[in-house]
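A.B. asks: one predicted model, sequence on top.
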Amino acid sequence: MALVPTLDQYASKVWMLYEGEVKEVEKVKSAKNTWFTLIHVRGQRKPLALHEDWQGTIPKRGDHISVEANEAAVWFFPKHHDIVVTPKVDYEQYIVKQTIPETDMEKAMEIIRIRLRESSPDPDKRQVCGDDVYDDLADLMPDRDPRIFGVPFQKLAKRGEIHFFGYKKSVRIKVHHQTIAVWHEGLKQ
């Protein structure tokens, strides 16, 4: 913990928006034996200082903060008794939720193949879309975000088993009839 030699008590009367991503949080003691929590933010030349009596939120590294502050000689000081803190997103947890285990991927691709074959006896007219397999994929992967149900289609396309044909409106009311991809069997001709 660093010892700060002086504390500028004559901060400017001009308030400005102090915001950015927190890169470091540290506690320091002023020359007057007062403890401060310093919030170092990317792109800011001085840290934000929170007095030891601070009752508001203390952000963590990676969080995004926003607060009205005034500038002193060494630090910025918050105008209000709290800071707007947007927590850092745990991307690893998000990515785990958005991946499909290989065994489920194979089952999902087989579901698509079956629906494709059932769509028409004529191989040239076989087509499938997300609406056709949604319920089966949701049953197969109930804990997964449905937005990743397109991944098996992409994998089949990379293998040359299906190709993108066009778009149509979804029949699912829950997704507000958004536009979805239609896939045909085989390589594009």
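C.D. replies: Received the coordinates, thanks.

A.B. asks: and the next helix or strand past the lengthiest helix in the chain?
C.D. replies: Under DSSP state H, the helix in the chain containing the largest number of residues is helix 102-119. Helices and strands here follow DSSP states H and E; after helix 102-119, the next one along the chain is strand 127-129.

A.B. asks: ok, now which ones touch Asn87?
C.D. replies: In this structure residue 87 is Pro, not Asn. Listed by CB atoms under 8 Å, 6 or more residues apart in numbering, the contact set of Pro87 reads Lys60, Asp63. Using the backbone N, CA and C atoms, a C-beta is placed for each residue, glycine as well.

A.B. asks: kindly recompute the last result at 10 Å.
C.D. replies: The contact partners of Pro87, taken as CB atoms under 10 Å, 6 or more residues apart in numbering, are Thr57, Pro59, Lys60, Gly62, Asp63, His64.

A.B. asks: who wins on neighbours among the residues you listed?
C.D. replies: For these, counting by other CB atoms under 10 Å, the largest number of neighbours falls to Pro59: 24 neighbours.

A.B. asks: got a list of what that one touches?
C.D. replies: Pro59 makes contact with 21-22, 25, 37, 39, 41, 48, 50, 65, 67, 83-88, according to CB under 10 Å, 6+ apart.
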